[in-house]
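**Student:** coords please:
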Amino acid sequence: MSANTFHIIIASVGETLFDGVALSATFPGSDGELTVLPHHEPLVTTLNGGTITVRTQSEEPREFPVRSGVLEFSGNTATVLL
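**Tutor:** Purely as a prediction, here's the structure:
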């Protein structure tokens, strides 16, 4: 992992949807859309229905539909529980 990336895990009960390194990720936050970048300030927020978009170095953006969930960002790691 380089200085311009962060680790992200997107999981639901019994299933990991994504576990890897990202350049950025955009979420349907409870107060509107939000994007996290490497070394973002720590935060915890709820997620509304919409789409999570994860941008990586080597692929097209990955999209994950979400009805609701929780995002925690700390220690240069984003953890999403759906």
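
**Student:** for the one helix or strand Thr45 maps to, packing partners?
**Tutor:** Element membership for Thr45, per DSSP states H and E: strand 43-47. Strand 43-47 sits against strand 24-29, strand 69-74, with contacts defined as 3 or more Cβ pairs under 8 Å, 6 or more residues apart in numbering; DSSP states H and E. Quick note: C-beta positions are derived from backbone N, CA and C, even for glycine.

**Student:** which ones are touching the residue nearest to His40 when sequence neighbours are not counted?
**Tutor:** In space, and not counting its chain neighbours, His40 is closest to Phe73: 5.2 Å by Cβ to Cβ, 6 or more residues apart in numbering. Residues in contact with Phe73 (Cβ atoms under 8 Å, 6 or more residues apart in numbering) are 36, 40-44, 79.

**Student:** before we move on, back to that, Serialize the helices and strands packed on strand 43-47 to a markdown table and add fields for distance to Asn4 and mean pLDDT.
**Tutor:** A markdown table is the format used below for the helices and strands packed on strand 43-47 (distance: least, Cβ to Cβ, whole Å; pLDDT from 0 to 100):
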| stretch | distance to Asn4 | mean pLDDT |
| --- | --- | --- |
| strand 24-29 | 10 | 97 |
| strand 69-74 | 16 | 98 |
